[in-house]
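Student: Mind looking at a prediction? Sequence and model below.
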Protein chains: 2
Amino acid sequence: MTVDPADGRARATQLRETTDTEVAAVVAAARAGGAWLREAGRDGRARTLDQIGASLEARRAELVAVAVAETGLPTARLDLELTRAATQFRMFADVVRDGGYLEAAIDHAGETVLGPAPDVRRMLVPLGPVAVFGASNFPFAFSVAGGDTASALAAGCPVVVKAHPSHPLTSDASYRAIADAIEATGGPAGVIGIVFGQSAGLTLVRDPAVRAATLTGSLHAGRAIQTAINARPEPIPFYAELSSINPVVVLPGAAAARGRQIAEGLFASFTGSGGQLCTKPGLVFVPTGEAGDAVVRHLRALVAAAPGATLLNERIRDGFHTGQELLQRAGARVLATAPAPSSAGFVVAPAVLELELPDLSASVAQECFGPLTIVVRYDDAAGLDQWLPTIPGSLTGSIHADESDDRATVLGIADRLAAQCGRLVFNGYPTGVRVSWAQHHGGPWPSTNSVHTSVGATAIRRFLRPIAWQDAPDWALPPELRNGFDGIPRRVDGQLEVAGHAVAPTA
Amino acid sequence: MTVDPADGRARATQLRETTDTEVAAVVAAARAGGAWLREAGRDGRARTLDQIGASLEARRAELVAVAVAETGLPTARLDLELTRAATQFRMFADVVRDGGYLEAAIDHAGETVLGPAPDVRRMLVPLGPVAVFGASNFPFAFSVAGGDTASALAAGCPVVVKAHPSHPLTSDASYRAIADAIEATGGPAGVIGIVFGQSAGLTLVRDPAVRAATLTGSLHAGRAIQTAINARPEPIPFYAELSSINPVVVLPGAAAARGRQIAEGLFASFTGSGGQLCTKPGLVFVPTGEAGDAVVRHLRALVAAAPGATLLNERIRDGFHTGQELLQRAGARVLATAPAPSSAGFVVAPAVLELELPDLSASVAQECFGPLTIVVRYDDAAGLDQWLPTIPGSLTGSIHADESDDRATVLGIADRLAAQCGRLVFNGYPTGVRVSWAQHHGGPWPSTNSVHTSVGATAIRRFLRPIAWQDAPDWALPPELRNGFDGIPRRVDGQLEVAGHAVAPTA
């Protein structure tokens, strides 16, 4: 069954829930997939990742069309998201070719203060099959064809994705695009698998052969998966991105210098994609006084004139309304809402709320998924120090500062925000996560339950574990640890060497 | 109270269990310690780590004497272990000075296929206060003055250690040696703290300010700590090294070429330190036939003539006897035991047991802490493939092979062992873990519950999390991410650069 958010109507599909027996078969196939990924080596895996990127691009029209129908997100947004997904696969191809992710290290045998020491060589190896739970809000870039899948395959781990119930057809089409690319580069069917249904997802993470799980989703889904994992005899790592309020602090100088621009930027950031982004700014600190008043005035005007936003599914639409009610009960008042939408589909009215600073607490600073933000006015920027720590851990913290703002105040607020977030944005907006090596998507609980998530080159490390080889003959070592190899960065006797540096054999 | 394992007698000490109020005060002080560690910077922390190494060396006589009395371990072993502990602090000083552990990365702003992209710079920052639970069997190198403490302080995290009840005076003396070194380099009392008592340890990991916990200990202790952590509103990482059987495979060629030497090496490895090492070889595969018979014959003779081994405490002594009984009930038979020891103290007789290959299973391949190993005879080396996967995850796997052994067989067994261990030892013995950059101490469950433990340079990463700075002005960045800085390795626009490479400011 698939539901079109534009009209709220369900339509039948050929897809059905995966049975437990079928889940076991998919996982069994994944083991064979793992053997192939290993034999393919870094070059082979990089080729496959590039091929997946090309396959996604080649099916752009089909994929975007089915995603538009299932998510209600605009075509332009989904078109860019597909490019993002393909780019992620290509970036991880580069990461694999570079080889630095292996963290190869060689300590030669020798005399030490603790006596004669053996030759020790270490690098990272794949964990094994990974279960990937896709997100509702990014049907491509954080779903079947998302960064979790790309980084796990790059690591050499076969992947079994659990399709999101909100976009089963997009999930299936993405899966086929990836599976066909793998087949085209010689890989067996088990390199990627897919299961449908909540029960199948839990069966999947209970399977002894599954070695790690990832989720971009809600605290509720995270708890269900974590409970299933906790019941396993052997624990496995679970990397979840869950909930984020993403505070923004606008300093007085910035408000005075570019108040209208900031209001426009915030509006675009919290209403874009229906406000259904994990990095949506949910809490904005605006100074009292004329400049701050102007920021709020612009924001109200933009919201009052905004069109309705189509949300992804019924649960998210209902959650948006419930969340807004809870905020109002906690003391927030509505500053402006868009005109009430027509009733067809999962359409809601964007809103901006205001909360008094003394009413700010961890329980009210909760993510309300959808096009809503809360303004909090403050008198004294330095005084925010005592309030910022009450906000739950977030993926991001943002600060708008002008040359006229006091640098010590900027640094103080940046420090406070950094203590509670994973990415610190200066004079910008937290939505729009750059795909690049240095990027990083994670933050203190409850925004994520681990330091790594699916964005940035180090996402690959979540699916790897170290092995040390002691006194191994050269022929028994992985190629990357042999004396004559010089294709990747390695740390040799404590010294980092970039590619192009081989080592002499020990006597 | 402290107990001398040599005579089993308890003696009163000044030490008492830490109250909950006192635990809270220690953790509160740790916050201030964290601020100092941060301000000290990498150079300051490296100086403090070197000073701790020097302080431990300066108190060698006192520390070794108190540890001998509390653990029953030989003076020579504890003397070397103290050197090891001091070396670990010095190695982490080098790791901090090198700065590669920060994983600094800079992606300049620019046009990309996804549109204009901001400047993104990433590095790792300390998690916050770390709770360290020391081991019984390494009163220095895996306890208060162990690798967990060294790597956490190196990361910039204050440490609160929970003293092991088996060596409270050694713990206290180690704590004072570290605290004095910190004071000598200008640090406040909160950089390191100590608590005594099981209840205090659980209170410690429940404290909201504690951001990570480590344990080198038993599955039982691991479960108690994990349960306390699971009850926290915010989860924290828990890095535990728990239980390991450490299989050794002796191939026919190696048995023929150097059977006596292998028997002597194995005997030293499984009886050294009373067999109370996490890397003790607990399961040895020996070929049937004359060469294998000779290995077993030598082993029996060495065991039959062995002196009694003094174990660390009553619980471990009783556990050794119970474990041996369980093995015998599971079908293992005693090949040889040392003469029954006199009854004073926690002294036991080393033993070598034999198990038939068809009786091998996960439930019998369990660690029996103490001077005992199990020999399993095999007919066909290639046939071991089906048996090795039944052995639980281990820290190590070892293989003895000679030039005359078939390389394909060696590689096949090495692969099987690698799938279930963290360190693969060729023609050596798993005990004696080298302290060096490439080293690594961890393995699949239940040997550890995470990929990282306290040995090797990457131990530091357990206590760090990434932060990305987006479009930050140079003055708001950590020094290591600024354009002009060239003191550490950095990945710039995807390219790894060693120290000595600065970048130009973005226009």
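Tutor: Cool, got the structure. Because the structure is a prediction, the values reported are computed rather than measured.
Student: mind checking how far whichever residue of the stretch 351-500 of chain A sits closest to chain B is from A:Ala306?
Tutor: At 3.6 Å from chain B, A:Ala438 is the closest residue in the stretch 351-500 of chain A, using CB to the nearest CB. All C-beta atoms are positioned from the backbone trio N, CA, C, and that covers glycine. A:Ala438 sits 34 Å away from A:Ala306, going by CB to CB, to the nearest Å.
Student: is the lengthiest helix in chain A up against chain B anywhere?
Tutor: Across chain A, the helix with the greatest residue count (assigned by DSSP state H) is helix A:20-58. No. Helix A:20-58 stays clear of chain B (CB under 8 Å from any CB of the partner chain), getting no nearer than 9.8 Å.
Student: May I see the buried residues of that helix?
Tutor: If you call a residue buried by 16 or more other CB atoms under 10 Å in any protein chain shown, then helix A:20-58 has these buried ones: A:22-23, A:26-27, A:29-30, A:33-34, A:36-38, A:40, A:42, A:44-57.
Student: now the nearest residue to A:Ile52 once chain neighbours are set aside, what's its secondary structure?
Tutor: Once flanking residues are discounted, A:Ile52 sits nearest to A:Ala181: 4.3 Å by CB to CB, 6 or more residues apart in numbering or on different chains. Here A:Ala181 is recorded as helix under DSSP: H, G, I helix; E, B strand; the rest coil.
Student: A:Ala181 - how many residues pack around it?
Tutor: By the measure other CB atoms under 10 Å in any protein chain shown, the count of residues near A:Ala181 is 24.
Student: How about A:Gly186?
Tutor: Applying other CB under 10 Å, we find 12 residues neighbouring A:Gly186.
Student: Tell me if I am right that it is in a strand.
Tutor: No. Going by three-state DSSP, the assignment for A:Gly186 is coil, not a strand.
Student: who's more crowded, A:Ala438 and A:Ala306?
Tutor: In this view A:Ala438 and A:Ala306 are compared by other CB under 10 Å, and A:Ala438 has more residues nearby, 29 against 19.
Student: Spit out the contact partners of the residue in the stretch 101-250 of chain A that chain B sits nearest to.
Tutor: The stretch 101-250 of chain A approaches chain B most closely through A:Ala105 (3.6 Å), counting by CB to the nearest CB. Contacts here follow CB atoms under 8 Å, 6 or more residues apart in numbering or on different chains; on that basis A:Ala105 touches A:Arg121, A:Arg122, A:Met123, A:Arg490, A:Arg491, A:Val492, B:Trp437, B:Ala438, B:Ala457.
Student: In helices, which of those residues appear?
Tutor: Per DSSP H, the contacts of A:Ala105 never map to helices.
Student: want to try JSON lines for these, with pLDDT and distance to A:Thr279 as columns?
Tutor: Formatted as JSON lines, these follow (pLDDT from 0 to 100; distance: CB to CB, whole Å):
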{"residue": "A:Arg121", "pLDDT": "98", "distance to A:Thr279": "40"}
{"residue": "A:Arg122", "pLDDT": "98", "distance to A:Thr279": "35"}
{"residue": "A:Met123", "pLDDT": "98", "distance to A:Thr279": "34"}
{"residue": "A:Arg490", "pLDDT": "97", "distance to A:Thr279": "36"}
{"residue": "A:Arg491", "pLDDT": "97", "distance to A:Thr279": "34"}
{"residue": "A:Val492", "pLDDT": "97", "distance to A:Thr279": "40"}
{"residue": "B:Trp437", "pLDDT": "96", "distance to A:Thr279": "37"}
{"residue": "B:Ala438", "pLDDT": "96", "distance to A:Thr279": "38"}
{"residue": "B:Ala457", "pLDDT": "96", "distance to A:Thr279": "33"}
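Student: What is the nearest of these to A:Leu251?
Tutor: Nearest to A:Leu251 among the contacts of A:Ala105 is B:Ala457, at 40.4 Å by CB to CB.
Student: where along the stretch 151-300 of chain A do the strands fall?
Tutor: All strands of the stretch 151-300 of chain A, identified by DSSP state E, counting those that start in this stretch, fall at A:159-162, A:192-195, A:212-216, A:238-241, A:247-250, A:283-287.
Student: hang on, the earlier thing: same list, the contacts of A:Ala105, but as CSV with distance to A:Ile194 please.
Tutor: CSV is the format used below for the contacts of A:Ala105 (distance: CB to CB, whole Å):
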residue, distance to A:Ile194
A:Arg121, 37
A:Arg122, 35
A:Met123, 31
A:Arg490, 37
A:Arg491, 39
A:Val492, 43
B:Trp437, 41
B:Ala438, 39
B:Ala457, 39
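Student: any idea which of those residues is closest to A:Ala254?
Tutor: Using CB to CB, B:Ala457 comes nearest to A:Ala254 of those, at 42.0 Å.
Student: residues in contact with the residue positioned nearest the centre of chain A?
Tutor: Centroid check for chain A by CA atoms, centre = their mean gives A:Ser454 as the closest residue, at 4.6 Å. Listed by CB under 8 Å, 6+ apart, the contact set of A:Ser454 reads A:Phe142, A:Gly146, A:Gly147, A:Asp148, A:Ser151, A:Thr214, A:Thr216, A:Tyr239, A:Glu241, A:His441.
Student: close to chain B, is stretch A:376-391?
Tutor: No. If you take CB under 8 Å from any CB as the test, stretch A:376-391 misses chain B, and the best it gets is 11.5 Å.
Student: And the lowest-mean-pLDDT helix or strand in chain A, what does it pack against?
Tutor: Counting by mean pLDDT, DSSP states H and E, chain A has its least confident helix or strand at strand A:9-11, which shows a mean of 88. Counting contacts by 3 or more CB pairs under 8 Å, 6 or more residues apart in numbering or on different chains; DSSP states H and E, strand A:9-11 packs against strand A:2-4.
Student: now the stretch 51-200 of chain A, which segments are flagged as low pLDDT?
Tutor: The model of the stretch 51-200 of chain A has no residue with pLDDT under 70.
Student: Now the residue of the stretch 351-500 of chain A closest to chain B: closest residue in space, sequence neighbours ignored.
Tutor: In space, A:Ala438 comes closest to B:Ala105 once its chain neighbours are excluded; the distance is 3.6 Å by CB to CB, 6+ apart.
Student: Kindly report the same for A:Ile399.
Tutor: The shortest distance from A:Ile399 to any residue other than its chain neighbours is 4.9 Å, reached at A:Val249 (CB to CB, 6+ apart).
Student: what bridges to the one you found?
Tutor: On the basis of DSSP bridges, A:Val249 is bridged to A:Phe285, A:Ile399.
Student: quick one: contacts for it?
Tutor: For A:Val249, the contacting residues are A:Phe285, A:Ala381, A:Leu384, A:Leu388, A:Gly397, A:Ser398, A:Ile399, A:His400, A:Ile413, A:Leu417, by CB under 8 Å, 6+ apart.
Student: Return the member of those residues nearest to A:Asp406.
Tutor: Closest approach between the contacts of A:Val249 and A:Asp406, by CB to CB: A:Ala381, at 7.8 Å.
Student: Please determine how far A:Arg60 is located from chain B.
Tutor: Separation of A:Arg60 from chain B (CB to the nearest CB, to the nearest Å) stands at 13 Å.
Student: Count the neighbours of that residue for me.
Tutor: A:Arg60: 15 surrounding residues under other CB under 10 Å.
Student: and what of the one 5 residues further on?
Tutor: Residue neighbour count, defined by other CB under 10 Å, stands at 14 for A:Ala65.
Student: all helices of chain A, in order?
Tutor: Assigned by DSSP H, chain A shows helices spanning A:20-58, A:60-71, A:75-98, A:147-155, A:168-184, A:198-206, A:219-230, A:252-271, A:290-304, A:314-329, A:407-419.
Student: Cool, thanks, signing off.
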